[in-house]
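Participant: Next come a sequence and a model predicted from it.
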Amino acid sequence: MAWSGTSGTWRRMVGTVLIAVTALGMAWAPAARAADPIKIGFGMALTGALAGNGKAALIAMQMWAEDVNKKGGLLGRPVELVYYDDQTKPAAIPGIYTKLLDVDKVNFIVSGYGTNVIAPLMPIAMERNLLLMGLMGMANNEKVKYKNYFQIMPSGPQPALGWSQGFFEVAAKQQPKPQTIALVGADAEYPHNALEGAREHAKHYGLKVVYDGKYPPSTVDYTPIIRAINATNPDLVYVASYPPDTAGIIQAAQEVGLRAKMFGGGMVGLQFAALQTKLGSKLNGVVNYEFYVPEPTLKFEGINEFLARYQAEAEKAGVDPLGHYIPPFAYAYVQILGQAVEATKSLDQQKVAEYIQTHEFKTIVGPVKFAPNGEWAKSRVLMVQFQNVQGSDVAQFKKAGTRVVLYPEEWKSGTLIYPYTKAQK
Amino acid sequence: MFSLDLFLNAIVAGILLGGFYAAVSLGVSVSFGLLDIVNIAHPAFVILGSYTAYAMNRFFGFDPLLTGLLFTPIFYTLGVVVYRLYYLGFERKGEESLRGLVFFFGVLFIVEVALLLAYGVDYRMIEARYVGQSFHIGVVGIAFRLLLPCLVGVMITVALHLFLSRTFYGRAIKAVSQDSQALRLMGVNPVKIKRIAFALSIATASLAGALLILIGPVEPSIGREYIGRVFAIVVLGGMGSISGTLAASVILGVVESLTATFSGPSWAPAVSFGILLVVLAVRPAGLFGR
């Protein structure tokens, strides 16, 4: 009896413990799930040719995660960024994202920086029917037309055209009206697309193309190209170039004495402090694209605070100290994802994608609404002119007045100094 | 579109470009042409020279050319160290061909990554009074940014040519490229001679790097764009021929410039390498090779 009594007590004790453990477990399980982070996975160029842009983008994304987590996370769960270095190599993308999805079990994927790494990511997202936020991809969805793809670069529903729209619209308003144009760019993917759009615009505006040339990216001296352009006497010179050629072309234009009335357009590199400060006053008069500049017409909510924080971080990380070009958009594309998750109260890819497709978002780069092809519903590629640049002080580019917005009208902050040679004086 | 103005300007621009190419290629001409060491890391040392010029300009306001000159002994010492490693690791064991190539690949990556860690990935440019200035002689415009690299390139060529032809060590370097055993029989240590020659080749990278950053912006991996070009110049000029290297550099520069002016710049590499193929078919040893 005593044994049985003891046995009964023992059974009761075990039972009580089991019930307690089960109850605790049941209570604990949802709490554990609630504490599980929402993982956002991506590859990013932390080494390789585009590492400068990739590192700057990563800083911005980390700032967003920090901001969200300070406010209690998304759906009450913290946000965790899971990322790997894609080395700026498209070939690394399938492996990285397969690991993110199958091993790290991320909840959402977003792309790394640039067209070339988004291209191999598209089939992966399409195969698994995933929502995909793209960072600065040029016309990646043009052919595949994937419904769950959304891209943050503000080049509009027709990226190749939207890219150079402003350059031609500004030129068309000048008197006497320009008649001829020279088109020149690097023999690479982005310049190909940009020049294709520029050719269409030239046709549309009735401009005669007097020079249409590409140069190999390894070109060292650009003076023969600028001389050849000068010999055709174009009113406009549209350039689609990468940073080293941008610097070479601007220096050559100065040395040779380019006679065009408007010069620039699609030159990559002029958005960064490294080239801005070194080219200094040689930039005056150049008309070029931008996505954000610190002009009074572009005061979006949160942008100034973001830039102040970013600039402090950038100094430590040794990346672009201005952060006007990519970082605000890197912040905005995860900001949109976060807002959509909160609004739908769901992690379901389709629900979140449908919400992004049908709603406008308030971001640090202004209001964003997507077109059916996942690009911005309306292009907001700014066309700016460098004015009043003096010396190499980076501080002048942090303030208004050195890159005045000429286009679109709604964001215009200044007037074009025309022709180019006048602005050079 | 042909005009005499354009033609003359294209020729002059090509010659200026050629002088710069010579400065970048001379080191390879010595290491690959004379010593048979496939130093594919040479352009990385040139970039190291560019960053040295950049740092000295940024922090102390030094002129890049002065920095290039001042740092030649340091680059020479670096060359001594690299050759020592290469010799002990590969050449002494007779494994210099393939494994030596891998060694220099490794050196290339180490230099690039070190620069990446130290300076980040941004493009770097330099400030000098003469950058962006130009002058005219008749219809021909000459940019200081291109004239100075050309002059310095020609001066390095002349200095190296005189050193190799007029000094004991220079003649010994030429001898070691022809028959190191015979040189040993003459009582000269071929390893020492090769070490001096290799170190000299790296020393030229200090000046070449300073010239490169004068011409345009650099980033740590930009040297790779020059690997094909400098080896093509050395082969076209004739292996180990210093004057041949200068001639080949000028030919390539002029051809690139003329093509860029009159036929579209995208044809420039095709025409340059086409010339290389034709020359090698007609004269396999190169223009000045023996």
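Facilitator: Received the coordinates, thanks.
Participant: switch to C-alpha atoms for all contacts and neighbour counts from now on
Facilitator: Noted.
Participant: who's in contact with the residue of the stretch 301-425 of chain A found nearest chain B?
Facilitator: Minimum separation of the stretch 301-425 of chain A from chain B (C-alpha to the nearest C-alpha) falls at A:Gly318, amounting to 5.9 Å. The neighbours of A:Gly318, taking C-alpha atoms under 8 Å, 6 or more residues apart in numbering or on different chains as the test, are B:Tyr119, B:Gly120.
Participant: mind checking pLDDT for it?
Facilitator: Looking at A:Gly318, its pLDDT is 78.
Participant: Now do residue 120: how many residues are near it, please.
Facilitator: If you meant another chain, say so; for now it's chain A. Residues lying near A:Pro120 (other C-alpha atoms under 10 Å in any protein chain shown) number 16.
Participant: if you could check chain B rather than the one you did, that'd help
Facilitator: 21.
Participant: so where do the helices sit in the stretch 201-350 of chain A?
Facilitator: Ranges of helices in the stretch 201-350 of chain A, per DSSP state H, counting those that start in this stretch, are A:223-231, A:243-256, A:273-279, A:303-317, A:327-344, A:349-358.
Participant: no no, the stretch 51-200 of chain B
Facilitator: Secondary structure of the stretch 51-200 of chain B (DSSP H, counting those that start in this stretch): helices at B:64-70, B:72-89, B:98-119, B:144-166, B:168-178, B:180-185, B:190-215.
Participant: just these: most buried one?
Facilitator: Among those, the stretch with the highest mean neighbour count (mean count of other C-alpha atoms under 10 Å in any protein chain shown) is helix B:190-215, at a mean of 26.
Participant: I'd like the mean pLDDT over it, please.
Facilitator: Here the average pLDDT along helix B:190-215 is 95.
Participant: How about stretch A:264-273?
Facilitator: Per-region confidence: stretch A:264-273 scores 93 on mean pLDDT.
Participant: For that stretch, output the C-alpha coordinates as CSV.
Facilitator: What follows is stretch A:264-273 as a C-alpha-only set of coordinates in CSV (Å, rounded to 0.1, in the frame of the first residue of the first chain):
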residue,chain,number,x,y,z
GLY,A,264,25.9,65.1,-70.1
GLY,A,265,22.7,63.0,-69.6
GLY,A,266,23.5,59.5,-68.3
MET,A,267,26.9,59.8,-66.7
VAL,A,268,27.3,57.4,-63.7
GLY,A,269,29.8,58.6,-61.1
LEU,A,270,28.8,62.2,-60.9
GLN,A,271,26.4,61.3,-58.1
PHE,A,272,29.2,60.4,-55.8
ALA,A,273,31.4,62.7,-53.7
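Participant: Run the contact check for it versus chain B.
Facilitator: No - taking C-alpha under 8 Å from any C-alpha of the partner chain as the criterion, stretch A:264-273 and chain B are apart, separated by no less than 9.0 Å.
Participant: who's in contact with that stretch?
Facilitator: For stretch A:264-273, the surrounding residues in contact (C-alpha under 8 Å, 6+ apart) are A:163-164, A:167, A:191, A:194, A:237-244, A:246-247, A:275-276, A:286-290, A:320-325, A:383, A:394, A:397.
Participant: try stretch A:164-173
Facilitator: Against stretch A:164-173 from outside (C-alpha under 8 Å, 6+ apart): A:177-178, A:194, A:197-198, A:201-202, A:205, A:236, A:262, A:265-266, A:287-289, A:381-383, A:406-408.
Participant: Show the contacting residues for B:Gly244.
Facilitator: Taking C-alpha under 8 Å, 6+ apart, one finds B:Val234, B:Leu236, B:Gly237, B:Gly238, B:Leu287, B:Phe288, B:Gly289 in contact with B:Gly244.
Participant: Against B:Leu26, how distant is it?
Facilitator: Distance of B:Gly244 to B:Leu26, given as C-alpha to C-alpha, to the nearest Å: 10 Å.
Participant: Work out which residue lies at the spatial centre of chain A.
Facilitator: Centroid-nearest residue in chain A: A:Met136, 3.7 Å away (criterion: C-alpha atoms, centre = their mean).
Participant: Surely that one and A:Thr115 touch.
Facilitator: Yes - contact status for A:Met136 versus A:Thr115: in contact at 6.6 Å, counting by C-alpha atoms under 8 Å.
Participant: How is chain A divided into domains?
Facilitator: A:38-157+A:300-369, A:159-297+A:381-424 (automatic domain parsing).
Participant: Quote the end-to-end distance of the shortest one.
Facilitator: So that's domain A:159-297+A:381-424. Between the opening and closing residues of domain A:159-297+A:381-424 there is a gap of 31 Å (C-alpha to C-alpha).
Participant: What of the longest one?
Facilitator: Using C-alpha to C-alpha, the end-to-end distance of domain A:38-157+A:300-369 comes to 24 Å.
Participant: Stretch A:101-118 now?
Facilitator: 16 Å.
Participant: Could you check it against chain B for contacts?
Facilitator: No - using C-alpha under 8 Å from any C-alpha, stretch A:101-118 never reaches chain B; the gap is at least 14.7 Å.
Participant: can you list contacts of that stretch?
Facilitator: Applying C-alpha under 8 Å, 6+ apart, the external contacts of stretch A:101-118 come out as A:38-45, A:50, A:53-54, A:57, A:82, A:86, A:88-90, A:93, A:97, A:100, A:121, A:130-140, A:347, A:349.
Participant: Quick check: ChimeraX command selecting the buried ones in the residues you listed.
Facilitator: Entered in ChimeraX, the line below selects the buried ones among those, by 16 or more other C-alpha atoms under 10 Å in any protein chain shown:
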select /A:38,39,40,41,42,43,44,45,50,53,54,57,86,88,89,90,93,97,100,121,130,131,132,133,134,135,136,137,138,139,140,347,349
